[in-house]
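Engineer: whatever this is, show me its structure:
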Amino acid sequence: MNGIVLHLMRHGEPREPGLLLGHRDDPPLPSGTARCVLRADGLDFAQVLSSDLSRSQVPARQIAGQRKLPHRSDRRWRELDFGEWDGMAPHELDPAVQTRFWDDPEGSAPPGGERWSQLRNRIAEALRGIDRATLVVTHAGAMRAVLSVLFGFDHRQVWAFELGYSALLSLRLWPETGGRLPAAQIVSLDRGSA
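Structural biologist: Model prediction:
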């Protein structure tokens, strides 16, 4: 069995790079969108999904429109919710608090934000709905959660994968029955731009 190809693409550069952008809806730069559209050239997929945030939705709609394919936005593909930290530069945070978060995103979630397990759970739910070759334009945190859910990487191990703007991670999935997660294989990774 050949399985289903799932392409995960990180959105292009936002208008204000370097900030903690979780659920804050910052639009993408036109050049970042163009890079995503170009990156999709030559990929084979039957549908386009994205998070409902404009930095993912804008390039996804353009890609789908060029190919005359369906596009659907889905909140489950959003970035981790940074709560009160959303939109802040990392240097604005107390270094000790920030270190606790990166060391233990489950036990030290941002104030008013999301735990690592909450991100993983919504991504697992979204993955169960993939039933054909798909491009998902999403966020680095969501892509890392996919790696964690499908391959068992913990919150530290997922950082072994550099996921710059417009990074492209291609997987092959073998869907399971009974609501179980698919078996998966990493096919390729293009790290994108810093």
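Engineer: next, Arg10: phi, psi?
Structural biologist: phi -80, psi 140 (degrees, to the nearest 10).
Engineer: give me the spatial nearest neighbour of it, chain neighbours excluded.
Structural biologist: Excluding the flanking residues, the one nearest Arg10 by CB to CB, 6 or more residues apart in numbering is Ala167, at 4.5 Å. Where C-beta positions appear, they are placed from N, C-alpha and C, glycine not excepted.
Engineer: for that neighbour, grab the count of nearby residues.
Structural biologist: 20 (other CB atoms under 10 Å).
Engineer: for the protein, what are the low-confidence residue spans?
Structural biologist: Low-confidence segments of the chain, defined by pLDDT under 70, are located at 1, 177, 194.
Engineer: re the thing from before, who's in contact with the residue nearest to Arg10?
Structural biologist: By CB atoms under 8 Å, 6 or more residues apart in numbering, the contact list for Ala167 reads 9-10, 140, 143, 189-192.
Engineer: Throw these into CSV and include distance to Arg35 and neighbour count, thanks.
Structural biologist: Formatted as CSV, the contacts of Ala167 follow (distance: CB to CB, whole Å; neighbours: other CB atoms under 10 Å):
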residue, distance to Arg35, neighbour count
Met9, 10, 30
Arg10, 10, 28
Ala140, 15, 21
Met143, 16, 24
Leu189, 16, 17
Asp190, 11, 13
Arg191, 13, 15
Gly192, 8, 22
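Engineer: element containing Cys36?
Structural biologist: For Cys36, the element it lies in under DSSP states H and E is helix 30-40.
Engineer: tell me which two of the contacts of Ala167 sit farthest apart.
Structural biologist: The distance between the two most remote of the contacts of Ala167 (CB to CB) is 13.7 Å, for Ala140 and Asp190.
Engineer: now, the contacts of Ala167 that are in strands?
Structural biologist: 9-10, 189-190 (DSSP state E).
Engineer: can you tell me which of the residues you listed is closest to Val37?
Structural biologist: Using CB to CB, the ones in strands among the contacts of Ala167 come closest to Val37 at Met9, 10.2 Å.
Engineer: ok, that closest one touching Leu168?
Structural biologist: Yes: using CB atoms under 8 Å, Met9 is in contact with Leu168, at 5.1 Å.
Engineer: anything in contact with each of those two?
Structural biologist: By CB under 8 Å, 6+ apart, the residues touching both Met9 and Leu168 are Arg39.
Engineer: need the helices for this structure, in chain order.
Structural biologist: Listed in chain order, the helices found in the chain under DSSP state H are 30-40, 54-67, 95-103, 116-128, 140-151.
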